[in-house]
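# Dropping the sequence and predicted coords here.
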Amino acid sequence: MPRWLQVLPLALALAALTLLASCSSSGQAKVRFVHAIQDAGALDIDVYGTNDGAGTIEFSDISFLGVLPAQPGYTTLDSGSNAIEGFLTGTTTVGFIRTNVNWSGGIEYTAVATGFSKTGTPAGSNVQILSVPDNNTAPASGDVEFRVIHASPSGPSGVNVYIESNPSTGPTGTPAISNLIYTQASSYISVAYNPKNVTPAPGFTLYVTTTAGTVIFGEAINPAEGAIRTLILTDIQNTKLQGVSAMQPSFLELPDLN
C-alpha cells in the first residue's frame with residue numbers, strides 16, 4: 001500500500017484504492033495483432049512500454065496472416081507511448097525494426113504489420129505498423145457493418161470496394177468504399193442484413209476493384225445480423241521472393257462482433 005494511504009482512515013483508504021484501480025483499468029488499451037508481412041516467417045512481437053526498456057513478448061510465434069490473440073479477443077496492454085518490434089520466432093533476428101505506437105486507454109485496436117521484411121536498410125525498415133482504432137458498438141437493428149484495411153503493398157495503391165447483396169453477378173453502381181489507399185482503413189460501412197438463403201453464396205459478395213473498375217476479386221461473406229467484420233487486404237506469401245508480387249485474392253476476415 002502506498003505510504004500516503006497508510007495515514008488515511010480505513011474507509012477513505014479503501015475508496016482511494018478503488019479510485020486507483022479504476023484509473024489503472026481506464027489506462028489499459030486492448031490490441032489484436034495481425035501479421036501481414038508476406039516475406040517474413042513466424043514472428044515474436046515485443047512491446048516496449050514507457051518504463052519497459054527490455055520489452056515483453058506479447059504476441060508469440062505468429063505466422064503470416066495469423067491474428068493474435070485467438071479471435072474474437074484482444075490483449076490488454078498499457079496505454080500511452082509504446083513501441084513494438086518483431087523478431088523471427090525464437091531468435092534475435094529482426095523481422096521489423098522497433099516502431100512507435102500510441103494507444104489510448106479504454107480503446108480497442110487492430111495493429112497490422114505490413115510491407116517487406118527483407119527490403120530496406122536496416123532489414124525490416126520497410127515494414128509499417130497500422131494501428132487502427134476499432135468501434136465494436138453494435139450496429140443498428142437489422143444491419144451489419146464492414147470495414148476494410150488496405151495492407152497489400154503489392155496491390156494497387158488505391159482500390160474500390162463494392163458490397164452487393166447476393167445473388168450478385170458483379171459490382172454495380174457506386175462503390176461503398178472509394179479509392180482506399182495502401183496503409184489506410186475505411187470507416188465502418190453499415191448495410192441492411194441479407195437474410196436470403198441463396199445458393200451457393202448467401203449474404204453478400206464484396207468486390208475489390210482498381211479505381212478504374214477492373215475486378216481484382218470477389219468474395220462471398222455471410223455475417224449474422226448485428227455482426228461487424230474487419231476485412232484486411234494482404235499480399236500472397238513470398239511472391240516478392242519469386243520476382244512477382246500480388247494481392248491475395250481474398251480478405252483476411254476478423255470477427256469484431258457476433
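Done, it's in.

# ok, the closest residue in space to residue 163 that isn't next to it in sequence - contacts?
Of all residues not flanking residue 163 in the chain, residue 176 sits nearest, at 4.5 Å (CB to CB, 6 or more residues apart in numbering). For glycine as for every other residue, the C-beta is placed from the backbone atoms N, C-alpha and C. Residues in contact with residue 176 (CB atoms under 8 Å, 6 or more residues apart in numbering) are 146, 161, 162, 163, 189, 191.

# Tell me the one among the residues you listed nearest to residue 234.
residue 161 (14.4 Å; CB to CB).

# in what helix or strand does that closest one lie?
Applying DSSP states H and E as the criterion places residue 161 in strand 158-165.

# Just give the number of residues close to residue 167.
Neighbour count of residue 167, defined by other CB atoms under 10 Å: 12.

# Also residue 200?
Residues near residue 200, counting by other CB under 10 Å, number 7.

# Now it. Nearest residue, chain neighbours left out?
residue 220 is the one closest to residue 200 (CB to CB, 6+ apart), at 7.9 Å.

# Sheet-wise, list the partners of the following helix or strand past the strand holding residue 161 with their directions.
Per DSSP H and E, the first helix or strand lying C-terminal to strand 158-165 is strand 177-181. Using DSSP bridges, strand 177-181 pairs in its sheet with strand 158-165 (antiparallel).

# how about low-confidence regions in the protein?
Flagging of the chain using pLDDT under 70 yields the residue ranges 1-26, 50-54.

# Could you chop it up by domain?
Domain assignment for the chain by automatic domain parsing gives 1-134, 136-258.
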